[in-house]
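K.L.:
A structural model of the following input is requested.
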Amino acid sequence: MAKNEYLMRHDKVCTHLHYSIRKALGIETADKWYTHMPKPVYEEGDVTVLWNQAVHTDREVTADRPDITIKNKKLNYLIVIIIIIIIIIIIIIIIIIIIITSYSEGPTFKSCRPVRLP
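P.N.:
Model (predicted):
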């Protein structure tokens with residue numbers, strides 16, 4: 001898959017999740033998730049939802065932009081969400097499902113002959 005297509009798929013998944021989080025927190029949002037355009041910062045009372053914003057740390061971190069960050073000042077918690085879409089995992093799951101379904105009746109030993117030991 002081309003890098004651009006991967007990024008578009010990743011951003012669609014993140015947009016849907018961002019939309020769902022905002023809706024669950026009661027923050028005003030678009031009617032449909034696919035028309036939702038995330039802004040970098042949303043604040044609603046004590047809750048702040050960040051979209052693709054750098055996190056400043058005391059050490060250098062190369063991957064310093066989580067997809068979604070949720071901060072609640074009143075309850076004093078921080079949730080960092082990083083979405084990784086890997087096609088290989090999907091392929092492995094499909095292979096495992098095929099293996100499990102092919103052995104669902106159990107292996108058959110009709111062609112095996114008993115072996116006599118001396």
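
K.L.:
hey, let's count contacts and neighbours off CA atoms from now on
P.N.:
Fine.

K.L.:
CA atoms only for stretch 31-47, dumped as CSV, please.
P.N.:
C-alpha atoms of stretch 31-47 as CSV (Å, rounded to 0.1, in the frame of the first residue of the first chain):
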residue,chain,number,x,y,z
ASP,A,31,-23.8,15.3,12.6
LYS,A,32,-21.9,12.6,10.8
TRP,A,33,-18.3,11.4,11.6
TYR,A,34,-17.2,11.7,7.9
THR,A,35,-18.0,15.4,7.8
HIS,A,36,-16.1,16.0,11.1
MET,A,37,-13.0,18.0,10.7
PRO,A,38,-10.8,17.8,13.8
LYS,A,39,-9.2,21.0,15.1
PRO,A,40,-5.9,20.9,17.0
VAL,A,41,-7.4,21.9,20.4
TYR,A,42,-10.9,21.6,21.8
GLU,A,43,-11.7,22.7,25.4
GLU,A,44,-15.0,22.1,27.2
GLY,A,45,-14.9,22.9,30.9
ASP,A,46,-12.2,20.8,32.5
VAL,A,47,-11.7,18.5,29.5
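
K.L.:
buried residues, that stretch. List them.
P.N.:
33, 38, 42, 47 (16 or more other C-alpha atoms under 10 Å).

K.L.:
so what touches the longest helix seen in the chain?
P.N.:
Ranked by residue count, the top helix of the chain under DSSP state H comes out as helix 3-24. Outside of helix 3-24, the residues within contact range by C-alpha atoms under 8 Å, 6 or more residues apart in numbering are 28-29, 33-34, 36-38, 49, 51, 67-68, 83-85.

K.L.:
now render the residues you listed as TSV, adding pLDDT and distance to residue 22.
P.N.:
What follows is the contacts of helix 3-24, written out as TSV (pLDDT from 0 to 100; distance: C-alpha to C-alpha, whole Å):
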residue	pLDDT	distance to residue 22
28	82	7
29	83	7
33	86	11
34	86	14
36	88	10
37	89	12
38	89	10
49	90	8
51	91	11
67	88	14
68	88	11
83	80	17
84	76	21
85	70	22
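
K.L.:
all the strands of the chain, residue numbers only.
P.N.:
All strands of the chain, identified by DSSP state E, fall at 41-44, 47-51, 68-72, 77-81.
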